[in-house]
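# model the following, please.
(4 chains)
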2 protein chains.
Amino acid sequence: MDVTMKDVAKLAGVSLSTVSRVLNDSSLVREETARKVQKAVEKLDYQINDSARILRTNTSNLIGVIGAGMERPFLANLLKGIEAEARERGYALIYGDSDGEFEKEQNYLNIMKQKKIDGIILITTNYYNDLLSIVKNYQIPVVFASGYISDPDISCVTVDNVAAAYDIVEFLCQAGHKDIAFIKGPDLDLLASQERLRGVKLALRLSNIKYNPNRFIEGDFTFESGYSAAKKIINKFPDVTAIFAFNDEMAVGAIRYLKEQNIKVPEDISVVGFDGIELGKYTDPALTTIKQSGYQLGLKSIEMLNKIINKEKIEDNKVFIPHKLVVRESTNKLNELTTKKEVVTNNRG
Amino acid sequence: MDVTMKDVAKLAGVSLSTVSRVLNDSSLVREETARKVQKAVEKLDYQINDSARILRTNTSNLIGVIGAGMERPFLANLLKGIEAEARERGYALIYGDSDGEFEKEQNYLNIMKQKKIDGIILITTNYYNDLLSIVKNYQIPVVFASGYISDPDISCVTVDNVAAAYDIVEFLCQAGHKDIAFIKGPDLDLLASQERLRGVKLALRLSNIKYNPNRFIEGDFTFESGYSAAKKIINKFPDVTAIFAFNDEMAVGAIRYLKEQNIKVPEDISVVGFDGIELGKYTDPALTTIKQSGYQLGLKSIEMLNKIINKEKIEDNKVFIPHKLVVRESTNKLNELTTKKEVVTNNRG
DNA sequence: GAAAGTGATGAAATGGTTTTCAGGGTTATG
DNA sequence: CATAACCCTGAAAACCATTTCATCACTTTC
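Predicted coordinates for the structure are as follows:
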């Protein structure tokens, strides 16, 4: 029914082998013969049967992506970066969302293995340890995106969460804030969230502020959870002067709650986020945050994975993408009387 | 190297055919034999070689998704819905972002055809016409998600953009607004954006407001484009009392600009968006918008595609998902003096 | 001018499943 | 007891590309 190499061979008056050679590496074939074959290919609009090729060669040019919560803007951009770089390098993407459930992750892993993927990018953070042992067992090249894993065998590409969290907390402390509350990620999130926690602790210690675990309210990276976390914070700790939300969406949710309570941001309370998603430039007040590029993260992940697949030498299998503290309008020095309006323009860069 | 059916057959002491039968439809096999086979499968941790199966059967349980701009929250949720329902029905997803470029779309189409995808979901809006002629030619089951196409052969799942745009413009008109400006989508967007335009015109006519094409500023669905569109609007039409942005992000961008100019929303200018993304509940002011569920859209698209693949009878191949006008804080009746604070709470549902 | 080397091509084996067809064994039917 | 009917299983063909090995026709080299 479909056009096969056999048809091409017949039309071109050559053997199957010759057609295959032309399609893969014409250098072995006489130029004239190659031309004949090319012509036949075009005439018949021949398309290779990928399954047959994979069956024979055992490589698929397919990369699996398993993620969770990919609708979050930061991760959506990460996926975009992955896609762009994968396409660039001739890979197609097979994509699965695990919702953070181990069973689904396992399930996708099986499907992907059956499809003979060349490599896999993992973006999940909950059961990564169990997952990794499977992947290692399967011997599939793997890159962990957006999370640092100490296992020396595993390649990671991520922002330096410890340093970044440190930077922004230090920024708050230097602005005079001592009573800081935190909206952290889900306790199940064993990677980014835990790392950021470490960075926070470090910054607090160096600023001689006592670490108080009660001041860490758990969120789940959604606007809504930021909103309700802020509520808890205000009720339990009416004296806080700053809130650090572990991502931008939660920061925005928190700001919304504060405003509803007629608490002014940043005059009464400073709020900072994490990720630097586009939105943060357009909220009122615009968000002070740590900026990292999801897109870059995606690019680098595929770059790394590609090296592993091709067995190229890798200088360092833990890669940190740059991050930057971006100060906008949602933070104030403590006791300083800058009004919002004075800084309202020109801060969208 | 890998475990094959042959190994299973040998261990179970049966033939290849029997193993295959057990794996696909045990009903033909004696229960005792089936058990033996199952045991061998588990013992060897046998995984089917999907390429071999596809080669033989010509069906892949693979669905292709070609989209553009999928990092937009609404579309990210659409993808999430597609993924969830596809998984539910036993399909895996192969995903490609076209950036709205025809060449990339074509390229992905070829790759997907070579992988023998069972069906395809298209979410691109620019060159859909050229794309469709290829898909039709390839005879691949296809569903168009988030855009209405009149071609009777093509299944579409979308919000009723005409009606929705009509609803929200009518809402503005009934609130007394006569000087309305619009931030439309890119002119290249031949689907959703054009449909919404039709709805707008209809509502204007029925409210006896003259249609003025100059009042439609082109955006590209980003925050930034909403911001700069608002700038143009304010400069060119200082007398507008309402702005309808064709998606929520542009509305948020516009609001940001207005605030920077000390133009109060909604007291001076009402702003409405479209899509009803989560963010709209948390901005200040919270966004009046048309709410549609990207997730639902995804579910329905796969549902429809599945029917086409299975050659089930389809009652109607144009499906509209529900939409709803959600009035929050960014709109005011003209000349009415409601202050923002009175409505600030309880509007987050 | 014979032996060795080179270059281009084809034949055939191979990868791992599914599926058709046929056959063997058992039970029912007359 | 012969035949039919049925159930279960196995052998082998088919799906389509890649790759090894062999062949054949020329050159080159001594």
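
# wait, A:R21 touches A:S15, no?
No: between A:R21 and A:S15 there is no contact under Cβ atoms under 8 Å: 9.6 Å. Using the backbone N, CA and C atoms, a C-beta is placed for each residue, glycine as well.

# in the stretch 1-150 of chain A, which spans are strands?
Counting by DSSP state E, counting those that start in this stretch, the stretch 1-150 of chain A has strands at residues A:62-67, A:92-97, A:119-122, A:142-145.

# indicate which one of those is closest to A:D151.
With distances scored as Cβ to Cβ, the stretch of the strands of the stretch 1-150 of chain A nearest to A:D151 is strand A:142-145 (9.2 Å).

# partners of the closest one, with directions?
strand A:119-122 (parallel), strand A:155-159 (parallel) (DSSP bridges).

# can I get those in a markdown table with distance to A:G96, mean neighbour count and mean pLDDT?
A markdown table is the format used below for these (distance: least, Cβ to Cβ, whole Å; neighbours: other Cβ atoms under 10 Å in any protein chain shown; pLDDT from 0 to 100):
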| stretch | distance to A:G96 | mean neighbour count | mean pLDDT |
| --- | --- | --- | --- |
| strand A:119-122 | 10 | 25 | 97 |
| strand A:155-159 | 19 | 24 | 97 |
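
# can you put the ones you listed in CSV and add distance to DNA strand C?
Putting those into CSV (distance: least, Cβ to the nearest atom of the strand, whole Å) gives the following:
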stretch, distance to DNA strand C
strand A:119-122, 20
strand A:155-159, 28
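
# turn the ones you listed into TSV, including distance to B:A230.
Output for the strands paired with strand A:142-145, formatted as TSV (distance: least, Cβ to Cβ, whole Å):
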stretch	distance to B:A230
strand A:119-122	38
strand A:155-159	33
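
# what's the worst-scoring helix or strand of chain A on mean pLDDT packed up against?
When the helices and strands of chain A are scored by mean pLDDT, DSSP states H and E, helix A:128-138 comes last with a mean of 89. Secondary-structure packing of helix A:128-138 (3 or more Cβ pairs under 8 Å, 6 or more residues apart in numbering or on different chains; DSSP states H and E): helix A:102-114, strand A:119-122, strand A:142-145.

# which stretch among these comes nearest DNA strand D?
Closest approach to DNA strand D among these is made by helix A:102-114 (16.0 Å; Cβ to the nearest atom of the strand).

# list the buried residues in the closest one.
Residues of helix A:102-114 classed as buried: A:K104, A:E105, A:Q106, A:Y108, A:L109, A:I111, A:M112, A:K113, A:Q114 (neighbour count, 16 or more other Cβ atoms under 10 Å in any protein chain shown).

# the closest residue to A:E195 other than its chain neighbours: what's it in contact with?
Closest residue to A:E195 apart from its sequence neighbours, by Cβ to Cβ, 6 or more residues apart in numbering or on different chains: A:N161 at 3.5 Å. A:N161 makes contact with A:Y148, A:A192, A:E195, A:R196, A:R198, A:G199 under the criterion Cβ atoms under 8 Å, 6 or more residues apart in numbering or on different chains.

# neighbours of A:I134, how many?
The number of residues packed near A:I134 is 14, by other Cβ atoms under 10 Å in any protein chain shown.

# ok, and the closest non-adjacent residue to it?
Per Cβ to Cβ, 6+ apart, closest to A:I134 is A:L109, 5.9 Å.

# dump the residue contacts of that neighbour.
So A:L109 contacts A:G64, A:I66, A:I120, A:L131, A:I134, A:V135, A:Y138 (Cβ under 8 Å, 6+ apart).

# where does the stretch 201-349 of chain A get nearest to DNA strand C, which residue?
Closest point on the stretch 201-349 of chain A to DNA strand C, by Cβ to the nearest atom of the strand, is A:I309, at 20.0 Å.

# nothing else from me, thank you.
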